[in-house]
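[1] Model the following, please.
(2 chains)
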Amino acid sequence: MAEREQIKRSTTSRSEDTAVEDVPSAKTKKGDELKAELDDLLDEIDEVLEENAEEFVRSYVQKGGQ
Amino acid sequence: MAITKVLGMETEYGIVIRGSAESNPVVASSALINAYVSERSRRVGWDFEDETPGRDARGFAREASMPPEVETHLVNTVLTNGARYYVDHAHPEYSTPECADVYDLVRYDRAGEMILADSVRFATALLGPGQSVVVLKNNSDGKGNSYGNHENYLLDRSVPFSRVITGVIPHFVTRQIFTGAGKVGCEVPPPDGRRIDFQLTQRADFFEEVVGLETTLKRPIINTRDEPHSDSHKYRRLHVIVGDANLSEVASFLKVGSTALILSMVEDDWFTRAGKDFSLRAPVSALREVSYDLSLTVPIELQDGRTMTALEMQWEHLALAKKYSESCGLDSVGGDAVGRDILNRWEDVLSGLESDPMSLSRQLDWVAKLRLVEGYRDRHGLSWGDPKLRAMDLQYHDVAPGRSLFARLGMETIFTPDEVRRAVDEPPETTRAYFRGKCLQRWAPAIAAANWDSIVFDLGREPLCRVPMLEPLRGTRAHVEGLLASVASPAELIEALGS
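    Coordinates of the predicted model:
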């Protein structure tokens, strides 16, 4: 593991502060914490979600591309 | 030895004008790009001299299939970061400049998202009250219409194309477990009547062939378009149409990084040397089965009768790639730092998928989207067919920061916003895109047209003057910065180049 840590540090020099260190890994969190976090997120999402979802979905028609 | 994997990525974005009775996608795409160009820069047009999308890598002319047409009448421009920004098949399309490693590639693809977001802002300001442009970085409208995110990899021409096909298909089918952008529903339901509520990828529904020239009909897993945009005696450009557009930087980095490594291994014939053949019995149906399989446990059949899950096959590929890197090094993918980052992230992601896919909700698009949609569905007791869930799926991909659901998820990043913002205007320094971008920054009025492998200068006299750039790794900052600093005008540049 020590070697892996070292490798990670050397590669981050390319992009000073990668979020690897900034964002706490989901793996280290407990289930409750994750649930609470998702709840907060869903509250926030509710505010930005398309008000007229049905109309938005219906009107979003694309011509096929590549 | 494997050659440096010069990389590029083309993204067709979805577009719709809201608040308008009819939204013509071609008109909307043109308006979007025009708004950006008139706000940001003088337009330099694209030069179509070298476009031959009907040429087939297998070396024969097509009879029954239609080569894609090149549309020369639509908006088509070159940006100062060396990218191409244009209207293609009724979509705004952004092609990154050529990049010499996957860090740059991801950064320039992300810069494309910023360019589209800026375009949305500029174009919406020009629309009538109550109208707005919505642009999505996804690959499907949920109604059976798909549009692409294409990866490009420079390969050694001397490598037999049949070896490329054999070597890379198993990876294309199984890498979906980390490259998928996730999709609510299924647009080409399986014949056995199974209901697919959510699948790993946007694109798997739309592939019908294993190998072929098409990109819009009967899409093939391996696209054989043979248009190297470089010295065609030395190089081949593998044009990969089977992937999803990623918003996650980690997923995008791994998609291209793992594939660049696999292609280097193919060039060095590593699969044969290691005695490994993962050829699939039925690649097209395997592509879909992997995409449908949220449990990552469904076995896929190999030609030799073995079965393996996609995850198991990815572990096999990773183990081979590690051995390959110990023996042949990582220069072909940009050197040790980037190469080790690819291998480490690849391992981390496979470990995460093995223990609990949901642990990767900050790394992988499909996991992030599934967590969000399932959470919302639970909270409101919705059925999978509810338009709200489909709207969430679409809105995950919105490029406008205020509307994007992705932007609210705190996903792991590799670059700071400033690093991405720099890539909006400045070209990469380690490919010919540097020369293209710098010439455009300084002398746009004297450039009649540009494309991947040349720039055409108009010096105010006949004839126009074409500067060829057939080597993707020439014209870098190291090569031409001194030259560019020593000349004061395009005429002086041409003279210096000719001497």
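[2] Tell me the pLDDT of residue 6.
    Picking chain A for this. Looking at residue A:6, its pLDDT reads 39.
[3] ah, I was thinking of chain B
    pLDDT, residue B:6: 98.
[4] Now for it: which residues touch it?
    For residue B:6, the contact set (C-beta atoms under 8 Å, 6 or more residues apart in numbering or on different chains) comprises B:98, B:99, B:100, B:153, B:154, B:431, B:472, B:473. The way it works is simple: take the backbone N, C-alpha and C, and place the C-beta from them, glycine included.
[5] got it, and residue B:39?
    B:118, B:122.
[6] quick one: what helix or strand has it in it?
    Following DSSP states H and E, one finds residue B:39 within helix B:25-40.
[7] Work out the gap between that helix and the centre of the chain.
    21 Å (C-alpha atoms, centre = their mean, to the nearest Å).
[8] residue boundaries of the helices in chain A?
    Along chain A, the stretches classed as helices by DSSP state H are A:2-12, A:19-22, A:31-48, A:53-59.
[9] average model confidence for the shortest one?
    If I follow you right, that is helix A:19-22. On average, helix A:19-22 scores 43.
[10] shouldn't residue B:413 be in contact with residue B:251?
    No - counting by C-beta atoms under 8 Å, residue B:413 does not reach residue B:251; the two are 11.7 Å apart.
[11] Between these two, tell me which one has more neighbours.
    Using other C-beta atoms under 10 Å in any protein chain shown as the criterion, residue B:413 and residue B:251 rank with residue B:251 on top: 28 against 22.
[12] How about residue B:119, nearest residue that isn't a chain neighbour?
    residue B:36 (4.0 Å; C-beta to C-beta, 6 or more residues apart in numbering or on different chains).
[13] Distance of the spatially closest residue to residue A:45 that is not a sequence neighbour relative to residue B:197?
    The shortest distance from residue A:45 to any non-neighbouring residue, by C-beta to C-beta, 6+ apart, is to residue B:405 (6.2 Å). Taking C-beta to C-beta, to the nearest Å as the measure, residue B:405 falls 18 Å from residue B:197.
[14] And residue B:330, by the same measure?
    Look at residue B:330 and residue B:197: by C-beta to C-beta, they are 40 Å apart.
[15] neighbour-wise, which of the two wins?
    Neighbours per residue, other C-beta under 10 Å: of residue B:330 and residue B:197, the larger number sits with residue B:330, 22 against 17.
[16] if I pick the more buried one, what's in contact with it?
    B:336, B:338, B:339, B:340.
[17] buried subset of the residues you listed?
    The neighbour-count test (16 or more other C-beta atoms under 10 Å in any protein chain shown) applied to the contacts of residue B:330 identifies B:338, B:339, B:340 as buried.
[18] The lowest-mean-pLDDT helix or strand in chain B - contacts with which helices or strands?
    Of the helices and strands making up chain B, the lowest-confidence element is strand B:45-46, at a mean of 77, by mean pLDDT, DSSP states H and E. Applying 3 or more C-beta pairs under 8 Å, 6 or more residues apart in numbering or on different chains; DSSP states H and E, one finds that strand B:45-46 makes contact with strand B:76-78, strand B:447-451.
[19] What mean pLDDT does the helix or strand that the longest one is followed by get?
    Spelled out, it's strand B:447-451. Later in the chain than strand B:447-451, the nearest helix or strand by DSSP H and E is strand B:454-457. Mean per-residue pLDDT for strand B:454-457: 95.
[20] which intervals of the chain have sub-threshold pLDDT?
    Looking at chain A here, since you left the chain open. Applying pLDDT under 70 to chain A picks out residues A:1-30.
[21] Not quite, go with chain B.
    Checking chain B against pLDDT under 70 turns up B:41-43, B:50, B:58-73, B:499.
[22] Minimum distance to chain A, which residue of it gives it?
    residue B:147 (3.1 Å; C-beta to the nearest C-beta).
[23] Identify the residue spatially nearest to that residue, adjacent ones excluded.
    In space, residue B:147 is closest to residue A:65, 3.1 Å off (C-beta to C-beta, 6+ apart).
[24] which other residues reach stretch B:375-395?
    In contact with stretch B:375-395 (C-beta under 8 Å, 6+ apart) are residues A:38-39, A:41-42, A:45, A:48-50, A:53-54, A:56-58, A:60, B:136, B:138, B:142, B:182-185, B:195, B:197-198, B:369, B:372-373, B:403-405.
[25] Just confirm residue B:482 is within a helix.
    Yes - per DSSP: H, G, I helix; E, B strand; the rest coil, residue B:482 lies within a helix segment.
[26] Run through the bridge partners of residue B:140.
    When bridges are called by DSSP bridges, residue B:140 pairs up with residue B:146.
[27] what separates it from residue B:77, distance-wise?
    27 Å.
[28] More neighbours: these two, which one.
    Taking neighbours as other C-beta under 10 Å, residue B:140 and residue B:77 compare with residue B:140 leading, 26 against 21.
[29] That one reaches residue B:205, doesn't it?
    Yes - assessed by C-beta under 8 Å, residue B:140 is found in contact with residue B:205 at 7.4 Å.
[30] Which neighbours do those two have in common?
    Joint contacts of residue B:140 and residue B:205 (C-beta under 8 Å, 6+ apart) are B:146, B:183, B:187.
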